[in-house]
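> no sequence on hand, only this structure:
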């Protein structure tokens with residue numbers, strides 16, 4: 001895999017143990033995630049609003065991942081949707097208090 005962009009950005013430094021059999025990559029502003037051919041999820045980068053604070057039990061059997069500016073959403077093989085990160089505008093569909 002080859003990535004292009006700002007060399008000062010951590011997103012270009014894909015951890016070497018993540019680089020095999022990649023089937024999907026999604027990149028947010030300062031974090032990124034990928035899914036490998038075993039449907040395992042790997043994320044790295046900035047975690048200031050818990051956008052990559054995904055529980056270990058949800059890092060397997062992943063169908064799709066989407067990274068946005070400060071959020072990450074995943075869809076599991078059983079079509080369950082989970083989102084993590086900033087909810088400052090209700091974007092995670094969690095009521096704002």
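Perfect, I can see it now. Since we're looking at a predicted model, the values are computed, not measured.

> below-threshold pLDDT in this structure: ranges please.
For the chain, the stretches with pLDDT under 70 are 1-15, 18-19, 94-97.

> OK, contacts around the residue sitting nearest the centre point of it?
The chain has residue 33 as the residue nearest its centroid, 3.5 Å off, counting by Cα atoms, centre = their mean. Residue 33 makes contact with 25-26, 41-44, 52, 65, 67, 72, 74, according to Cβ atoms under 8 Å, 6 or more residues apart in numbering. Using the backbone N, CA and C atoms, a C-beta is placed for each residue, glycine as well.

> and of those, the nearest to residue 88?
residue 72 (15.0 Å; Cβ to Cβ).

> assess the claim that that closest one and residue 54 are in contact.
Yes: checked against Cβ atoms under 8 Å, the pair residue 72 and residue 54 is within contact range at 6.8 Å.

> where along the chain do the strands fall?
Using DSSP state E, the strands found in the chain span residues 22-27, 31-36, 41-45, 62-67, 71-76, 81-85.

> who touches residue 56 in this structure?
Taking Cβ under 8 Å, 6+ apart, one finds nothing in contact with residue 56.

> from residue 49, how far out is it?
For residue 56, the distance to residue 49 under the criterion Cβ to Cβ, to the nearest Å works out to 19 Å.

> do the same with residue 83
If you measure residue 83 against residue 49 using Cβ to Cβ, the figure is 12 Å.

> overlap in contacts, these two.
Common contacts of residue 83 and residue 49 (Cβ under 8 Å, 6+ apart): residue 71.
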